[in-house]
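Student: Provided below are the primary sequence and the corresponding predicted coordinates.
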Amino acid sequence: MDGASDRIPSRPGFGYHLKVHTFRTLTIVLAWVLIVAAFYQRPELLTGAQRFLFDGHGMAVLAQMPAALAQCRNALAVRQFYRAR
């Protein structure tokens, strides 16, 4: 054997990682800028969201979401089971 067939495939270089992480970082920064701009233009959205989450009702709704999603998945699975017969 010549050693070429035993080599591990080359990994991406530093330039590739720099490009990927630069894109990820800029995407995060852009997302935050858009969020801040949206709340600057319409602060009632932030106020309404905070009231919904922290007045007791919003957290209860969020806490029940996984169970509700599981029920929906189960109902869909049952429908698909009977439809396949």
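Tutor: Received the coordinates, thanks.
Student: least trustworthy helix or strand in this protein by mean pLDDT?
Tutor: Ranked by mean pLDDT, DSSP states H and E, the weakest helix or strand in the chain is helix 57-84, scoring a mean of 75.
Student: what distance separates that helix from the centre of its chain?
Tutor: 19 Å (CA atoms, centre = their mean, to the nearest Å).
Student: give the buried residues for that helix.
Tutor: By 16 or more other CB atoms under 10 Å, helix 57-84 has no buried positions at all. All C-beta atoms are positioned from the backbone trio N, CA, C, and that covers glycine.
Student: I'd like the numbering to begin with 245 instead of 1 from here.
Tutor: In the new count, where the first residue is 245, that last one comes out as helix 301-328.
Student: and it, what does it pack against?
Tutor: helix 287-298 (3 or more CB pairs under 8 Å, 6 or more residues apart in numbering; DSSP states H and E).
Student: do that again at 6 Å, thanks
Tutor: Contact here means 3 or more CB pairs under 6 Å, 6 or more residues apart in numbering; DSSP states H and E; on that basis helix 301-328 packs against no helix or strand.
Student: how's the protein carved up into domains?
Tutor: 257-287, 299-329 (automatic domain parsing).
Student: can you add distance to residue 293 and give these back as CSV?
Tutor: Shown next, in CSV, are these (distance: least, CB to CB, whole Å):
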stretch, distance to residue 293
domain 257-287, 9
domain 299-329, 8
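Student: quick one on the thing from earlier: what's the angle between the least confident helix or strand of the chain and helix 287-298?
Tutor: 80 degrees (axes from the mean of the first three to the mean of the last three CA atoms, to 10 degrees).
Student: phi, psi for residue 255 please.
Tutor: Main-chain torsions, residue 255, degrees, to the nearest 10: phi -90, psi 160.
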